[in-house]
Structure formats: C-alpha cells, structure tokens
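> the following block contains a protein sequence and its predicted model.
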Amino acid sequence: RKEVEQDPGPFNVPEGATVAFNCTYSNSASQSFFWYRQDCRKEPKLLMSVYSSGNEDGRFTAQLNRASQYISLLIRDSKLSDSATYLCVVNLINTDKLIFGTGTRLQVFP
Amino acid sequence: NAGVTQTPKFRVLKTGQSMTLLCAQDMNHEYMYWYRQDPGMGLRLIHYSVGEGTTAKGEVPDGYNVSRLKKQNFLLGLESAAPSQTSVYFCASSFQGGSTEAFFGQGTRLTVV
C-alpha cells in the first residue's frame, strides 16, 4: 500500500464548478500535511498547509480527518487557471522527509 | 529572487557515463533534498541533507551519490548512468525540515540512452 494515495483523475470540470479531491495516508504518525500544485512541466509549489481545524484560503478549503487518515481539498468557483496537478504531501513525525502522493490532475474547461 | 536554481535543465547521457547535477539555494535553508519524478510514481526522495556537511539516504538512493560541502549547494552525482535513471530530477530546500514549506528548483530532465 502506498503511503499517500490519491485518485489520479483527470477531473474535468467547467468553469465555476466546485470540485473536491481526497487523499489518504497510511501512517498514523504523520504530523504535517500540505497541498502542492504542479503545472505541466513545472516544479511543485506550495498551495496551502492543512491544519487540524481545517483552513481556507480564498476559493480553496483544506480539511484533515485524523481518525480516518484523509485530507481533502475543495476548490470553489473553478477558474481555467486552476488546471494543474494537485499533490497531497505528508510529513511523518520526527522525520525531515516529505512523502508525496502521485497527484490528482484537474482540467477546467470553458 | 533566485530561490532554488538547478543546473543543467536538460541532459542526455549515454549508458555508463557520469554526471553531476548542481542545486543552489540563496535562502539560507538548512535542509536540502533531491527527488526524482516519474510518470505514475510521484516524487520519490533520493537523498537529503539536514545541514552543511551532512547527507542521508532517502527512498531510492541506489545509483546516486550526494555532497553538501557548502550550505547553499547540494550536488547529485550519477557515477554510471543507466536507462532506469531517465527521469525529471527536482531539488528542494526548506527552512525547518518536513514541517515547513519546501521550495523547488525548475527541474532537470535527464535522458539516459
């Protein structure tokens, strides 16, 4: 079983739609959680950290469910510019390593 | 604002050749990482460093060596390239390890023929 699992997609949604991605992690010792965004043939960039109480940044909302070991990302009012691959990332407690999921591809169409 | 810079951006090697990828960061970060990204596999950690003069193995270290002689530089070496090392290589740095944001370089596309 992979340490971090994501549905690869693609998710094809029209502009203005709301779309949600889930990610599951296998190690209960995971302590820090992130969503990164990666555009085609570019480097990953941090989209947002995920906090236990859930957090929002504009149109983006991240949630963490420690009991079920999953993380979610909700994008409201999708824009064409949101088209990218979204990477779920986990850090294990007392380690310096980030574990990446394989990513979920989002394509927003006009 | 250079951030993390990787050189070269593209390279084609013949099987058995050697090369070194250079990563440089100007953010005074302690932690530096080398990842490879392959289709369907996501980013996998090759080696990392928690400070100048230190290195540690990641998930897929075989066939690679690294050095961190200066805080701002992290070098990834391939001693004898194999076609299985064809990949996109990303360097990253962070201030405080895995609990803080990682900043990535633009990547190096390596093809081994």
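The structure has been received and is ready for your questions.
> any idea which helix or strand carries the closest residue to B:V12 other than its chain neighbours?
Leaving aside its sequence neighbours, B:V12 sits nearest to B:T111 (CB to CB, 6 or more residues apart in numbering or on different chains; 4.8 Å). All C-beta atoms are positioned from the backbone trio N, CA, C, and that covers glycine. Taking DSSP states H and E as the definition, B:T111 sits inside strand B:108-112.
> are the worst-scoring helix or strand of chain A on mean pLDDT and chain B in contact anywhere?
The helix or strand of chain A with the poorest confidence is strand A:98-100; it has a mean of 91 (mean pLDDT, DSSP states H and E). Yes. Strand A:98-100 reaches chain B (CB under 8 Å from any CB of the partner chain) through A:98, A:100.
> can you check stretch A:46-57 too?
Yes. Stretch A:46-57 is in contact with chain B by CB under 8 Å from any CB, via A:46, A:49.
> what comes up buried for that stretch?
By neighbour count with 16 or more other CB atoms under 10 Å in any protein chain shown, stretch A:46-57 contains the buried residues A:46-50.
> ok, stretch A:18-34 next?
Under 16+ other CB under 10 Å, the buried positions of stretch A:18-34 are A:19, A:21-25, A:30, A:32-34.
> ok, back up a step: which members of the buried residues of stretch A:46-57 are the farthest-apart pair?
Farthest apart among those by CB to CB are A:L46 and A:V50. That separation is 11.1 Å.
> could you tell me which residues touch both of the two?
A:34-35 (CB atoms under 8 Å, 6 or more residues apart in numbering or on different chains).
> quick check: bridge partners of the residue nearest the centre of chain B?
Centroid-nearest residue in chain B: B:W34, 2.9 Å away (criterion: CA atoms, centre = their mean). Here B:W34 sits in beta bridges with B:H47, B:C91, going by DSSP bridges.
> who's in contact with it?
B:21, B:23, B:45-48, B:58, B:64, B:66, B:74, B:76, B:89-91.
> closest to A:F60 out of those?
Closest to A:F60 out of these is B:F90 (23.2 Å), distances taken as CB to CB.
> leaving out the residues flanking it, which one is nearest to that closest one?
B:F90 sits nearest to B:Y35 (CB to CB, 6+ apart), 4.7 Å away.
> repeat that for B:T100.
Nearest to B:T100 is B:S94, by CB to CB, 6+ apart, at 5.0 Å.
> equivalent analysis for B:N65, please.
Nearest one to B:N65, counting by CB to CB, 6+ apart, is B:G77 at 4.6 Å.
> state the mean pLDDT of the helix or strand hosting the one you found.
For B:G77, the enclosing helix or strand under DSSP H and E is strand B:73-78. Strand B:73-78 shows a mean pLDDT of 98.
> off-centre distance for it?
Centre-to-centre, strand B:73-78 and its host chain are 6 Å apart (CA atoms, centre = their mean, to the nearest Å).
> that strand pairs with which strands?
Strand pairing for strand B:73-78, using DSSP bridges, gives strand B:19-25 (antiparallel), strand B:64-67 (antiparallel).
> which one of the buried residues of stretch A:46-57 is nearest to chain B?
A:L46 (4.7 Å; CB to the nearest CB).
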